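Novice: Turn this into a model:
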Amino acid sequence: MGAGAGTGRGAEDSAPRHDRDRFRTFRGRFGTPTAYGLAILAGGGCTFVALASSTADTANRVAMIVFGLVGAVIAWRFGAVRAVPDPGGLTVINYAASRRLVWAEIVTVRFGPNDPWVHLDLADGDVLAVMGIQRADGEHGMAEARRLVALIAELGEAAEPDRT
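Specialist: Sure thing, here's the model as predicted:
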């Protein structure tokens, strides 16, 4: 018997787990940890070299630390790309901007063979990249794109009758 057996909570525990799995955050499998590692390496490495250098003057040390920190911030931002689904919609966080969408706004999902990430065609005519679902992730990226399509099909169409 499992831990929840006999407590009468088996069915209650499975519904939240299903929702947690369904509404898992979309993020790159390889790009995200690589970007975070690069951020730490850039910031820490440049700071270490600047402080350990015996020949650099103060201005050069400061410039090297600032350079490393700017590189770290840029790499960190690359690692922060994701898409966060919830019952009300999808929040897409890309490199430079974030956008909140309700499910009914999303018309189609495109993930062509030459696309580096998923693109959403929106009801207002815009196209929005979802950089959290990446071609570089191989089959995992394709599975995540299918999961997004399933969420849109289920929640996007259900929201349309409410708008009339």
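
Novice: from memory T25 sits against I133, does it?
Specialist: No. With contact defined as CB atoms under 8 Å, T25 does not reach I133; the gap is 10.7 Å. Heads up, the C-betas are built off the backbone N, CA and C, glycines and all.

Novice: joint contacts of the two?
Specialist: Common contact partners of T25 and I133 (CB atoms under 8 Å, 6 or more residues apart in numbering): A83.

Novice: Those two: which is more packed in?
Specialist: I133 (30 against 12; other CB atoms under 10 Å).

Novice: In terms of helices and strands, where is the more buried one?
Specialist: Per DSSP states H and E: I133 is located in strand 127-134.

Novice: State the mean pLDDT of that strand.
Specialist: Averaging pLDDT along strand 127-134 yields 94.

Novice: which helices and strands sit right next to the helix or strand encompassing R77?
Specialist: Assigned by DSSP H and E, R77 belongs to helix 58-79. In terms of contacts (3 or more CB pairs under 8 Å, 6 or more residues apart in numbering; DSSP states H and E), helix 58-79 is packed against helix 31-52.

Novice: Dump the helix it packs on to CSV, restricted to CA.
Specialist: The C-alpha coordinates for helix 31-52 follow below in CSV (Å, rounded to 0.1, in the frame of the first residue of the first chain):
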residue,chain,number,x,y,z
GLY,A,31,20.1,26.2,-22.5
THR,A,32,18.9,27.3,-19.0
PRO,A,33,21.5,25.6,-16.9
THR,A,34,24.2,26.5,-19.4
ALA,A,35,23.3,30.2,-19.3
TYR,A,36,23.2,30.2,-15.5
GLY,A,37,26.6,28.5,-15.3
LEU,A,38,28.0,31.0,-17.8
ALA,A,39,26.6,33.8,-15.7
ILE,A,40,28.3,32.6,-12.6
LEU,A,41,31.6,31.9,-14.5
ALA,A,42,31.6,35.4,-16.1
GLY,A,43,30.8,37.3,-13.0
GLY,A,44,33.0,35.2,-10.6
GLY,A,45,35.8,34.7,-13.1
CYS,A,46,36.2,38.4,-14.0
THR,A,47,36.0,39.4,-10.4
PHE,A,48,38.6,36.8,-9.3
VAL,A,49,41.0,37.8,-12.1
ALA,A,50,40.6,41.5,-11.3
LEU,A,51,41.3,41.0,-7.6
ALA,A,52,44.1,38.5,-8.1
